[in-house]
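>>> Provided below are the primary sequence and the corresponding predicted coordinates.
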Amino acid sequence: MINIFYAVTTFFYAVGSWFSFRYYKTFEPFNEKKAFQWLLMGFLAQAITLADQWVSTGFAPLDRIDGILMILSFSLAGTLIFGRAKASVPILVSLFLPFIFLLSAIGFATDINSVPFMDAHLMTPVMVAHIFMTFFGFSNFTVGFGVGVAFWIQEGQLKQHQMKSWSYRLPALEILDGLTVFHVGVGFLFWGLGLVLGTVQAYQVWNQLPLFDPKIFGSLLVLIIYALFFILRWALGMRGKKTMTLVMIGYFLALFTFLGVRLFLTTQHTF
């Protein structure tokens, strides 16, 4: 049976993505504003979708791939909305909204035939909070990475005095730097909270913390790398590409921990 709320969510993100592409083509503020409005509507519709599935089944929709994709796109959308309250950077919404639509569309396409890959009864409050925290942390790392790449490009062109026409659409370096710190900081907080809750869940399920499980060990390394980023900035006063390199390394490690471990390594985690 088609979930009407999921369909509406995907439609809203699709329309927002269309305005995003229009913004890339014209750089008119009107298109970016419309993209953000459709992002907001999609986010609200997705919140209703999550609530509907949670109420109808009695469990958080995290036991199937469509639910995982839904939470991931929901977290990323929430991160963009949250970040926009910090600083209105038009290109960010247009950059990430098509990706949110893609996640939602794949989730909707798999919703009908999606098969549970774990027992829904294992979704304890601690487990649900662990997953939500981790996803929100990863989403902030993703946006922080995107802003960091924009900073890297902008700074490189300024130093080489080779500014491209499109680069004038990028925000000032100070804004990009501040947004990177903001999203990495929020991501660090929620990733760390997710790791703490995951530790509690590990002791409840396994009676131990398998520290050298690739998922757990990788998650700790991510925190260490981002902690080093803040130490270099605040204790040593370092700025520019040197610290942005740590943002990129931390993100790729988080991405591998988040997705790659299940594909290439062995872990006790279900996903």
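Yes, it's here.

>>> From now on I want contacts and neighbour counts done on CA atoms only, so please keep to that.
Will do.

>>> need the helices for the stretch 151-271 of the chain, in chain order.
In the stretch 151-271 of the chain, helices defined by DSSP state H, counting those that start in this stretch lie at 173-206, 214-234, 241-255, 261-264, listed in chain order.

>>> Which residues are in contact with Trp191?
By C-alpha atoms under 8 Å, 6 or more residues apart in numbering, the residues touching Trp191 are Met133, Thr134, Phe135, Phe136, Gly137, Phe138, Leu223.

>>> Isn't the second one up against Val196?
No: checked against C-alpha atoms under 8 Å, the pair Thr134 and Val196 is beyond contact range at 10.2 Å.

>>> Would you mind telling me which of the two has the busier surroundings?
Applying other C-alpha atoms under 10 Å to Thr134 and Val196 shows that Thr134 carries more neighbours, namely 27 against 13.

>>> what are the ranges of the strands in the protein?
Remark: strands of the chain are absent; assignment by DSSP state E.

>>> Quick check: can you list the domain ranges of it?
Domain segmentation of the chain under automatic domain parsing yields 1-116, 124-271.

>>> I'd like the ones you listed laid out as CSV, including mean pLDDT.
Below are the domains of the chain laid out as CSV (pLDDT from 0 to 100):
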stretch, mean pLDDT
domain 1-116, 84
domain 124-271, 80
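
>>> for those domains, which one ends up most surrounded?
Among the domains of the chain, ranked by average contacts under mean count of other C-alpha atoms under 10 Å, first place goes to domain 1-116 (a mean of 19).

>>> Now find how far off-centre that domain is within its chain.
12 Å (C-alpha atoms, centre = their mean, to the nearest Å).

>>> hmm, back to that, output the helices of the stretch 151-271 of the chain in TSV; the columns should cover distance to Lys33.
TSV is the format used below for the helices of the stretch 151-271 of the chain (distance: least, C-alpha to C-alpha, whole Å):
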stretch	distance to Lys33
helix 173-206	19
helix 214-234	32
helix 241-255	28
helix 261-264	38
